[in-house]
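# I would like to see how this sequence folds:
(one chain, ligands or ions: 1)
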Amino acid sequence: MVWRVWMGAAVFLVVPSTGTATSHPHPAPALDRGQAIYLQHCKACHGEAGDGKTFAANVLNPPPRDFTSAASQKKLTRERMIRSATEGRPGTAMMPWKSVLTPADIRAVVHYIRQELMHVRP
Ligand code: HEC
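Numbers count the residues shown, from 1 in each chain. Next comes the predicted model:
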């Protein structure tokens, strides 16, 4: 009985999201998830649009990264972003997220930032 309930939950969890299928020519399955994580955990410092213009930015030194700047687009590779989000940036307010988010969640939120806020292609 318990086993069946568990199996039901597992099946529910792996059903892919199709919410963004119509808005992108090459939909990424993790985009919805990435956005949800961003809004919950990253928005306070980086801003809903990713430009770092937040109340928190007033008191942070260095300030949160502006993902929309040309410098960020050039400098921030996917690998670097995943590493920074996982391990944090020592000496800054950018904390490590590995105890909060799974590696898949971190990949999803980085994918969201790159695609929707930085507008860089994979
Ligand atoms: C408490 C404020 C705060 C929150 C919340 C926050 N960040 Fe940051 N983030 C920062 C700051 C400050 C920096 C700039 C660090 C630096 O200059 O090295 C930064 C930088 C970054 C960078 C660039 C790091 C690099 O390699 O230069 C990435 C990527 C990033 N954040 C992702 C995220 C993600 C993803 C989340 C949510 C899961 C998040 N941040 C939540 C404050 C925050």
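# For Leu60, give me phi and psi.
With angles defined as degrees, to the nearest 10, Leu60 sits at phi -110, psi 130.
# which residues touch it?
Neighbour list for Leu60: Cys45, Thr92, Ala93 [criterion: CB atoms under 8 Å, 6 or more residues apart in numbering]. The way it works is simple: take the backbone N, C-alpha and C, and place the C-beta from them, glycine included.
# Helices of the protein, residue ranges please.
Here the chain has its helices, by DSSP state H, at 2-14, 31-37, 43-46, 70-75, 78-87, 103-112.
# could the ones you listed go into JSON lines alongside mean pLDDT, distance to Pro64 and mean neighbour count?
Shown next, in JSON lines, are these (pLDDT from 0 to 100; distance: least, CB to CB, whole Å; neighbours: other CB atoms under 10 Å):
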{"stretch": "helix 2-14", "mean pLDDT": "46", "distance to Pro64": "31", "mean neighbour count": "8"}
{"stretch": "helix 31-37", "mean pLDDT": "96", "distance to Pro64": "16", "mean neighbour count": "20"}
{"stretch": "helix 43-46", "mean pLDDT": "98", "distance to Pro64": "4", "mean neighbour count": "18"}
{"stretch": "helix 70-75", "mean pLDDT": "96", "distance to Pro64": "11", "mean neighbour count": "12"}
{"stretch": "helix 78-87", "mean pLDDT": "98", "distance to Pro64": "12", "mean neighbour count": "16"}
{"stretch": "helix 103-112", "mean pLDDT": "97", "distance to Pro64": "14", "mean neighbour count": "20"}
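# For His119, find the nearest of those.
helix 70-75 (7.8 Å; CB to CB).
# Now distance to the ligand too, for the helices of the chain, in CSV please.
Shown next, in CSV, are these (distance: least, CB to the nearest ligand atom, whole Å):
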stretch, distance to the ligand
helix 2-14, 21
helix 31-37, 6
helix 43-46, 3
helix 70-75, 7
helix 78-87, 4
helix 103-112, 5
